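> Would you be able to build a 3D model of this:
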Amino acid sequence: MTAIAILLLAAGASSRMQGRDKLMEDVDGQPLLALMCRRAALTGLPVFVTLPSKAHPRAAATGSAIPVPVPDAAEGMAASIRRGTAALPEQTKAVMILPADMPEVETQDMLRLAAHFHGDGGPVLRATADDGTQGHPVLFPRRCFAALKTLSGDQGARSILKSEPPQMVPLPKTHALTDLDTPEDWANWRNRR
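Numbers count the residues shown, from 1 in each chain. Predicted coordinates for the structure are as follows:
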């Protein structure tokens, strides 16, 4: 497979979790971040994970993923995307960006997105729910890296997605959408399981 790297965004502050760290919440007997790093690693693709710092408690849950410290994480998602993209090896042909708080994204979902990648001339790829609602992960070809490295604020890569209309790749059910930001989100999700 062409050199696609997976970038898990895990440098956020969990500010809506009332003192809990959503990425260290237990899912199937392990912290969510450990689960997501393992699923990403099982694709066989290189995995990078942004963290507030290498000394952050989350670092212990990253497994074989390559940690990328984001000292300016308070700025928002753009800081993570900027730093994570800048840390990728030169031969990387595309980056699959996935917020780490999305517990329904499976290894197979990441592989499905990767299988639609057709080189630098191909479209940006964006996962959708089975009803067509746009979600994550999003795969950006190398030509987007310069723009990814200049993002600012907490809008993520929305500006790039406006200028590079993505090709949609449907994932099962709500895999591409389920992100857990609050204790209520977690409680509801656990009840649904």
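
> C-alpha only now, for contacts and for neighbours.
Fine.

> In this protein, where is pLDDT below threshold?
1-2 (pLDDT under 70).

> Show me how far stretch 186-193 is from its chain's centre.
21 Å (C-alpha atoms, centre = their mean, to the nearest Å).

> so what's the backbone phi/psi at D109?
Here is the backbone geometry of D109 (degrees, to the nearest 10): phi -70, psi -40.

> Hmm, it is touching L171, no?
Yes. The pair D109 / L171 is scored as a contact, 6.3 Å apart, by C-alpha atoms under 8 Å.

> more neighbours, the two?
Each of D109 and L171 has its neighbours counted (other C-alpha atoms under 10 Å); L171 has more, 26 against 23.

> For V169, see how far away T133 is.
11 Å (C-alpha to C-alpha, to the nearest Å).

> Apologies, that question was intended for P183.
According to C-alpha to C-alpha, P183 stands 30 Å off from V169.

> Looking at the two, which is more packed in?
In this view P183 and V169 are compared by other C-alpha under 10 Å, and V169 has more residues nearby, 23 against 17.

> how about the nearest residue to that one, chain neighbours excluded?
Excluding the flanking residues, the one nearest V169 by C-alpha to C-alpha, 6 or more residues apart in numbering is A127, at 4.8 Å.

> Surely the one you found is within a strand?
Yes. A127 forms part of a strand when assessed by DSSP: H, G, I helix; E, B strand; the rest coil.
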